[in-house]
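**Q** Quick one, what's the 3D model for this:
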Amino acid sequence: MSQVDFSTRYSFYTQLLNETYLQNISLIQALISTQTQIHKWQRRLSIENVKQSTRQVGKLASSNPLIVFDTLLKSAKEYENTIEALNLSLASCNSLSLDVCAYTILRLMSDIKDPALDDEANIRSWL
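**A** The predicted structure follows:
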């Protein structure tokens, strides 16, 4: 990871997310399957099972971090109560997953058109 410049990595992530995933049918199936698993995880999330649930996100993020963090962070903008669980799940992620998470946060925060990020309190809860 440290051998490749962040701008090169981030442009690669952008290409993967916007082009590559939409060109191959098996990648489209993986995208849909991962999004379905994330939505199931979010429905089962409760105070009692936070630790076990956060480990599941770490395992999912190891296999497909772009889709996992894109889906989780988009929903975290809408449902602020999932931010703490997402933060806890980062402890069980590998370095590639954390790099993809940083990319996704920067991409979502730089989206000026998004009114959900205009609230100063919302930005504090992200950071």
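**Q** Might you list the low-confidence residue ranges for the chain?
**A** Within the chain, the segments meeting pLDDT under 70 span 1, 46-47, 112-127.
**Q** If we use 80, what do you get?
**A** Applying pLDDT under 80 to the chain flags the ranges 1-2, 44-54, 77-82, 84-85, 111-127.
**Q** helices or strands next to the longest helix seen in it in the packing?
**A** Criterion DSSP state H: the longest helix present in the chain is helix 25-44. Applying 3 or more C-beta pairs under 8 Å, 6 or more residues apart in numbering; DSSP states H and E, we find helix 25-44 packed against helix 21-23, helix 50-63, helix 65-78. Glycine gets a C-beta too; all of them are placed from N, C-alpha and C.
**Q** Gln42: which of these is closest?
**A** helix 65-78 (6.4 Å; C-beta to C-beta).
**Q** and the next element down the chain from the closest one?
**A** Note on helix 65-78: by DSSP states H and E, the next helix or strand toward the C-terminus is helix 83-89.
**Q** just checking, what packs against that next one?
**A** Using 3+ C-beta pairs under 8 Å, 6+ apart: helix 83-89 touches helix 50-63, helix 65-78.
**Q** Going by contacts, tell me the helices and strands next to the first one.
**A** Contact analysis of helix 50-63 by 3+ C-beta pairs under 8 Å, 6+ apart lists helix 25-44, helix 65-78, helix 83-89, helix 95-109 as its packing neighbours.
**Q** what's the closest of these to Tyr13?
**A** Comparison of the helices and strands packed on helix 50-63 against Tyr13 by C-beta to C-beta identifies helix 95-109 as nearest, at 5.1 Å.
**Q** Next one: the residue nearest the centre of the chain from Gln3, what distance?
**A** Centroid-nearest residue in the chain, with C-alpha atoms, centre = their mean: Phe69, separated by 0.9 Å. Distance of Phe69 to Gln3, computed by C-beta to C-beta, to the nearest Å: 22 Å.
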